[in-house]
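S.K.: Have a look at this fold, sequence not included:
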């Protein structure tokens, strides 16, 4: 019986008794070749960059704030703004406007307001007649802009600021949220 156990132990691997020449052999024998590994890494990196480029988010529209006009009646704490904007659909699909809002940062506070519906423009222009002279047709929710098409319009909003606060503003943006596409943020030039 001792012969059988002796034979088993002869074929049994003992990790504690591995010769040092086998355990720490040269890198040439245990590591893969450097050049093929470097080429493989470059190929993988190029593939990842290519996929990221192909599937990147493409802009659906671009535009700008063309002009801004403020009107404030002496007896009212809030000012009305008529913001003239240009919006161009640069995507492959038509652009349907879901919502429009404006954001104002005066440095002393930030304000946000949804654009007034076109049906209210007459009432606002009656209360602020000087805005009528600076307004184009309303840029409305549900407007459809075909691919390559361009729309010019006015967005009317109200903020609780006076002329001095407005003149000292840090930024004014108009955010147009289309259906099923990424929001388009229009910024005032020079701010």
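M.R.: Looks like it came in fine. Quick caveat, the model's predicted, so the values are computed rather than measured. Numbers count the residues shown, from 1 in each chain.
S.K.: ok, longest helix in the protein?
M.R.: If you go by DSSP state H, the chain has its longest helix at helix 34-54.
S.K.: Looking at it now, give me its mean pLDDT.
M.R.: For helix 34-54, mean pLDDT is 88.
S.K.: Check which element follows it along the chain.
M.R.: Counting by DSSP states H and E, the next helix or strand C-terminal to helix 34-54 is strand 61-71.
S.K.: show me where this structure has strands.
M.R.: Remark: strands assigned in the chain by DSSP state E are 61-71, 79-89, 95-105, 110-114, 144-145, 150-159, 171-178, 184-187.
S.K.: could you say what helices and strands the shortest one packs with?
M.R.: Okay, so that is strand 144-145. strand 79-89, strand 95-105 (3 or more C-beta pairs under 8 Å, 6 or more residues apart in numbering; DSSP states H and E). No exception for glycine: its C-beta is placed from N, CA and C like everyone else's.
S.K.: where in the protein is pLDDT low?
M.R.: Low-confidence segments of the chain (pLDDT under 70): 1-32, 57, 59, 190-191.
S.K.: can you list the domain ranges for it.
M.R.: By the record's domain assignment, the chain is partitioned as 2-54, 61-187 (automatic domain parsing).
S.K.: Save these as a markdown table, and put in mean neighbour count too.
M.R.: Output for the domains of the chain, formatted as a markdown table (neighbours: other C-beta atoms under 10 Å):
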| stretch | mean neighbour count |
| --- | --- |
| domain 2-54 | 8 |
| domain 61-187 | 16 |
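S.K.: re earlier: between the helices and strands packed on strand 144-145, which one is closest to residue 132.
M.R.: The closest of those to residue 132 is strand 79-89. By C-beta to C-beta, the value is 8.5 Å.
S.K.: That closest one to strand 171-178, inter-axis angle?
M.R.: Counting by axes from the mean of the first three to the mean of the last three C-alpha atoms, to 10 degrees, strand 79-89 lies at 50 degrees to strand 171-178.
S.K.: Fine by me, thanks again.
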